[in-house]
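Visitor: Have a look; sequence and predicted model below, questions after that.
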Amino acid sequence: MTDTLTLLEQTIAERMASGDVQASYVAQLHARGLPVVARKLGEEAVETIVAALSGSEADLVGEAADVVFHLAVLLAERSVPLSAVMAELDRRHGTSGITEKAARTS
Ligand SMILES: N=c1c2ncn([C@@H]3O[C@H](COP(=O)(O)OP(=O)(O)OP(=O)(O)O)[C@@H](O)[C@H]3O)c2ncn1[C@@H]1O[C@H](COP(=O)(O)O)[C@@H](O)[C@H]1O
């Protein structure tokens, strides 16, 4: 799984640097800028919700992949490495969400 995300991150960085908007969807997104990427991620999140509530498993897998891809592009736009997100998930590992929320609100 990590290899898949690492490869995706590398490919996104290469396509953003290429500036080849004729051949690359990532380059097109990069040219349109962060607000468009953010809106696209939001759209994909909504499509994932619809797939979860009324679509097939294949629909849900496809929409979830769209979310992960567009999230990776968004992070790249902000120069945030995926490893930072993974490190944050690792940091949270083993801490119950209920415990964390109680500590935050007390
Ligand atoms: N994983 C993906 C990926 N997932 C989804 N998409 C594209 O995301 C776009 C948006 O999905 P939609 O279904 O919303 O498409 P749409 O309605 O045509 O888009 P809009 O007109 O609404 O913008 C589609 O064009 C999909 O093909 C992706 N495009 C690229 N990648 C990866 O990025 C790499 C680089 O891609 P290029 O930059 O195109 O070379 C590829 O090799 C892949 O690994």
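Guide: Nice, I can see it.

Visitor: any idea how far Asp90 is from Ser96?
Guide: Asp90 is 16 Å from Ser96, where distance means C-beta to C-beta, to the nearest Å. Every residue, glycine included, has its C-beta placed from N, CA and C.

Visitor: for the residue nearest to Met16 when sequence neighbours are not counted, helix, strand, or coil?
Guide: Leaving aside its chain neighbours, Met16 sits nearest to His30 (4.4 Å; criterion: C-beta to C-beta, 6 or more residues apart in numbering). Here His30 is helix, with the state taken from DSSP: H, G, I helix; E, B strand; the rest coil.

Visitor: count of neighbours near His30?
Guide: The tally of other residues near His30 (other C-beta atoms under 10 Å) stands at 22.

Visitor: So which residues of the protein form helices?
Guide: Ranges of helices in the chain, per DSSP state H, are 2-18, 25-32, 34-54, 57-77, 82-92, 97-105.

Visitor: Is the shortest one positioned near the ligand?
Guide: Yes. Helix 25-32 lies within reach of the ligand by C-beta under 6 Å from any ligand atom, at Tyr25, Val26, Ala27.

Visitor: any idea how far the last one is from Asp66?
Guide: Read that as Ala27. Shown here: Ala27 relative to Asp66, a distance of 18 Å by C-beta to C-beta.

Visitor: again, but for Pro35
Guide: Distance of Pro35 to Asp66, computed by C-beta to C-beta: 18 Å.
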